[in-house]
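Visitor: Okay, sequence plus prediction incoming.
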Amino acid sequence: MNNRLTQKILFLKIRNQDPEAYSQFYDLYVSRIYRFVFFKVNSVQDAQDLTSETFLKFWQYIREGRLIKNPNAFIYMVARNAVVDFYRSRTRENCSLESPEANHLLDEKADLLKQQIADSEIKDLLSGLNNLKDEYKEIIVLRFLDELSISEIAAVLKKPKGAARVLLHRALKALKESING
Amino acid sequence: MDNSQLIKNLKALKGLEAAGRPQESWVLKNKEILRSQIAPLCLREDREEVFEGNAVYYWQYFSGIFRNRVLKPAMAVALVIMAMIGYSATITVADSSIPGDALYSVKTASEKVQMAFTFSDDKKVQLQMGFVSRRMDELQQVVRLPESDQKKAQKIATAAKNVTSSVQSVKDNLNKINAAFSPTPSAVEAAKEVDSKTLAIKQEINAINQNLSSGIKEAVSVDINQAMNSTDETGASALSVIAKTSGSGIISDAELANLVAERIKTTEQQIVFVAGELNQMAASSTVLVATSTASVNASSTLQNLIAEIGRAQQILETAKDFLDQKDFNSAIQKIQESGTIANQVKEKLNLMIMMNSPIIQPEVNETSTIPLIK
């Protein structure tokens, strides 16, 4: 049985509020959603909280009977909104990414890099990726790490397909420039 | 680093915790928390039944595919077919409409569409001649309508105006063909068709006019006359197109001579008809009494008209001479000239009748002193 069909059947089961199916769905998506969120918040703790929140919210939408045409893209949209709400609440607390706390988070990340990355090329890449502006970083993660199609990316970003393609092209160019210094 | 290497390295990031790989322990722990969070929601009474086995879901999946990929396109095709049937049915019904009907605008719109998709001038001429025939049918239908004289007169006037307008369109395209360096054989064929049809149309309009009641005839005389004039002019334009190819082998001199002769004959019939009306009017008018200034003026006008129609006849004689010399272009020019004078005389005569000039009061049955054309 092909993956596409399996996935479709899984979505139909989820739509019918099957908790077992949702567990399988979680297994399929948790790494991707966590990574997507992690690149946005640069904090393990926040990424874990927001990922949990995303999966719970998604289930609530299912319970409300909301029509979800493309669950693959929809879960990313839920995660994206959760991140937006997260930053909004932090702004209210006079805290932003540019704040000392954010720098602390980046320092924390730098430590992690020291521990885990031996390959300097990968290190440069990760550093370059973190230096990109948010929308470039987001589209690169969606396309090359989470392997979403252009249509799915367009749905997540709420942009036309052409605009998503252009954005991806610019993001790759910016990443190359960032790596090459 | 090239693009493919960059993408390869990006994909390699997936396995790194620093690049967002979640800790296994957290994944498992979070899954348990999530299950415990969603469990109470699943226990709610309004929760739908969870189907055991996959058969129901396969059915949902394939019926969804059937609905989206087969049923919806089939519905779209069916709607397009229904729209096309509806359109052609409307056009068919509209084809039998006459001026004043609700669907008449659909009829004219469909003709405009046909014209928009016709590109060569000769094809346009043939198509427009078809539309002229339709306008004539409409005129015939309007004349037969069982309505009051006033309403009928209005509709006849509109139908006659439509004939004039469509015939003039034919003339415009013929002039375009005539302006070309040398008309093509297909253009000459189209012109021949116009030539014969305009002769028939003019006779038809004349017959319609003769059968109208005097009240209606008076009311629509200007429009009917204009339709006849335009038909004449268009016929002459068609003949000019044909004459332009004289000697090129597209049409023989004998055939061309016959066409010109036919046109001379029709113009002559028109002159005789107008002259007859003038004579009749002169014979039955009060002009002989000549007791007032108005009647003297009317007499003078009538004399002028008779002189004019005489001039038209003389010009037509010149056309005959040109035809004998096989100077077709000059002959056609003279026919046109003669026809125009005859039409002008007819128009003035109609105007006199409409203005209820004393001359048209048929009171005295004495012989006119004005020389009559025989």
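Guide: Happy to help now that I have it.
Visitor: contacting residues around residue A:154?
Guide: Residues near residue A:154 by CB atoms under 8 Å, 6 or more residues apart in numbering or on different chains: A:160-161, A:163-164. Placement of C-beta: from N, CA and C, glycine included.
Visitor: Out of those, which comes closest to residue B:351?
Guide: The closest of those to residue B:351 turns out to be residue A:160 (CB to CB; 69.4 Å).
Visitor: What sits closest to the residue of the stretch 1-150 of chain B at minimum distance from chain A if chain neighbours are left out?
Guide: Using CB to the nearest CB, the closest approach of the stretch 1-150 of chain B to chain A is made by residue B:20 at 3.2 Å. Setting aside the residues directly before and after it, residue B:20 is nearest to residue A:35 in space (CB to CB, 6 or more residues apart in numbering or on different chains), at 3.2 Å.
Visitor: One more: residue B:278?
Guide: The shortest distance from residue B:278 to any non-neighbouring residue, by CB to CB, 6+ apart, is to residue B:306 (5.3 Å).
Visitor: check which helix or strand covers the residue nearest the centre of chain A.
Guide: Chain A has residue A:36 as the residue nearest its centroid, 1.9 Å off, counting by CA atoms, centre = their mean. Using DSSP states H and E, residue A:36 sits in helix A:19-41.
Visitor: Spit out the contact partners of residue 165.
Guide: Went with chain A since none was named. Contacts of residue A:165 (CB under 8 Å, 6+ apart): residue A:150.
Visitor: rewinding a little: just how off-centre is the helix holding residue A:36 within its chain?
Guide: Relative to its chain's centre, helix A:19-41 lies at 9 Å (CA atoms, centre = their mean, to the nearest Å).
Visitor: buried sites along that helix?
Guide: A:19, A:21-22, A:25-26, A:29-41 (16 or more other CB atoms under 10 Å in any protein chain shown).
Visitor: Show the subsequent helix or strand relative to it.
Guide: Trace forward from helix A:19-41 with DSSP H and E and the next one is helix A:44-63.
Visitor: For that following helix, name the packing helices and strands.
Guide: helix A:19-41, helix A:71-92, helix B:24-42 (3 or more CB pairs under 8 Å, 6 or more residues apart in numbering or on different chains; DSSP states H and E).
Visitor: how about the helix or strand where residue B:75 lies as CSV, C-alpha atoms only?
Guide: Residue B:75 is part of helix B:72-95 when elements are defined by DSSP H and E. Only the C-alpha atoms of helix B:72-95 are listed here, as CSV (Å, rounded to 0.1, in the frame of the first residue of the first chain):
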residue,chain,number,x,y,z
LYS,B,72,-17.8,17.1,-10.3
PRO,B,73,-16.2,17.2,-13.8
ALA,B,74,-19.2,15.3,-15.1
MET,B,75,-21.5,17.8,-13.5
ALA,B,76,-19.4,20.7,-15.0
VAL,B,77,-19.6,19.1,-18.5
ALA,B,78,-23.4,18.6,-18.1
LEU,B,79,-23.8,22.2,-17.1
VAL,B,80,-21.8,23.3,-20.1
ILE,B,81,-23.9,21.1,-22.4
MET,B,82,-27.1,22.5,-20.9
ALA,B,83,-25.8,26.0,-21.3
MET,B,84,-25.0,25.3,-25.0
ILE,B,85,-28.5,23.7,-25.5
GLY,B,86,-30.1,26.7,-23.8
TYR,B,87,-28.1,29.1,-25.9
SER,B,88,-28.9,27.4,-29.2
ALA,B,89,-32.6,27.1,-28.2
THR,B,90,-32.7,30.9,-27.4
ILE,B,91,-31.0,31.7,-30.7
THR,B,92,-33.5,29.4,-32.6
VAL,B,93,-36.4,31.2,-30.9
ALA,B,94,-34.8,34.6,-31.4
ASP,B,95,-34.4,33.9,-35.2
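Visitor: That one close to chain A?
Guide: No: if you take CB under 8 Å from any CB of the partner chain as the test, helix B:72-95 misses chain A, and the best it gets is 14.4 Å.
Visitor: Could you check what's spatially nearest to residue 27, not counting adjacent residues?
Guide: Reading this off chain A. Distance criterion CB to CB, 6+ apart; nearest residue to residue A:27, sequence neighbours excluded, is residue B:31 at 7.5 Å.
Visitor: I was after chain B.
Guide: residue A:30 (5.5 Å).
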